[in-house]
Each structure stands twice: as structure tokens, then as C-alpha cells.
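Chemist: Output the structure for:
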Amino acid sequence: MVQLLYSHIKSLKELSGQLSLSQAADINPATISLVTACLNSTSEGVALVEANSHAAQIMLAKRTISEHLSNPDLSPETVAIKAGISRSKLYEMFRNYGGVKSFILEQRLKGAMMALISNSNVNERSKLIRHHHLKLTHLGWHKSSRRTALI
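Modeler: A predicted model of the protein is given here:
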């Protein structure tokens, strides 16, 4: 359990400059849970450890998604393999987020929105927007939005 906490803290340190405030807020409960699990890893804390392990797995999957978000081929299968989680477990973990694909799409849309509102110059901003649009197009987002607009 301590090794998992160490890995989590090390990854947070490496990603600290890249995390938005909302991402940091999402990570905070899992970090606190991991620390608590390490402190309470006695026989009485077994149930707590299992619950915290689930939170740690979700954070690992989210971090994997974040690290590979620029890959247009990012899929639930890819996330499961890279995070070392079974696909069925991954789907179960992301049920409350509308599914793994929905979560990935939402993260890409947030990236596109951040590119739009950033203070970077216009050329850089348009490159970022095109880059995010290509990822969304690859996911089939443009097809579903056109269908909705036509209805």
C-alpha cells in the first residue's frame, strides 16, 4: 500500500505543473484516502483499504487518460492495458462518469475549451483547436452532433 502511495505522490509531483485546479480537486480525495489507508492498514482498516484501492485505481485510470489524451487512438482498451486494470473493472469504475469513452471525450472537450480561452497567441490557439478537433472527429463526435442538429 505504501508503494502505491509513493507512486501516486511521485506522479502528482511530475504532473503538478500540468494539472488544472479542477483536476487537482478531483485528485485530492484519492490522495487523502491513500494516506488514510496507509495509516490505517491494520486488520480493522481492511475495508477502508479496499475502498481506497478502488479510488486509487480510478485515479490511476484518469492519470493514464490524461497522459495519453493526445493519442487519437486512445480507447478504453488502451487505458485498461496501460493502467493494468481489466476492461470490465474499468467500465465499472467509470459508470458514474457516463462511461470511459464519455470521460475521454469530456476531457478532450475541456482541452479544446481551455485552448479557446487561453492567453496564447492566435496562431498557437488555432493549432490547438485544430488538434483537439481532429481528436474529436476521430472519436466520431462530429457525426453524432450533425445527427442531433438535423433532428
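Chemist: need the contact list for Leu19.
Modeler: Contact analysis of Leu19 by Cβ atoms under 8 Å, 6 or more residues apart in numbering lists 12, 27. All C-beta spots, glycine's among them, are computed from the backbone N, C-alpha and C.
Chemist: Could you look up the SS state of it?
Modeler: coil (DSSP: H, G, I helix; E, B strand; the rest coil).
Chemist: Number the chain from 13, please
Modeler: From this message on, residue numbering opens at 13, which makes the last subject Leu31.
Chemist: how about it, phi and psi?
Modeler: Dihedral pair for Leu31: phi -80, psi 140, per degrees, to the nearest 10.
Chemist: can you list the weak-confidence ranges in this structure?
Modeler: Across the chain, the ranges flagged by pLDDT under 70 are 13-14, 52-64, 130-163.
Chemist: quick one: the helices in the protein?
Modeler: For the chain, applying DSSP state H gives helices covering 14-27, 33-51, 58-79, 88-95, 99-105, 112-129, 134-150, 153-162.
Chemist: which secondary structure elements does the second one contact?
Modeler: Counting contacts by 3 or more Cβ pairs under 8 Å, 6 or more residues apart in numbering; DSSP states H and E, the secondary-structure elements packed against helix 33-51 are helix 14-27, helix 58-79.
Chemist: Turn the ones you listed into CSV, columns for distance to Arg107 and mean neighbour count.
Modeler: Converted to CSV, these look like this (distance: least, Cβ to Cβ, whole Å; neighbours: other Cβ atoms under 10 Å):
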stretch, distance to Arg107, mean neighbour count
helix 14-27, 23, 13
helix 58-79, 11, 18
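Chemist: Between those, which one is closest to Leu46.
Modeler: Leu46 lies closest, by Cβ to Cβ, to one member of the helices and strands packed on helix 33-51: helix 14-27, at 4.7 Å.
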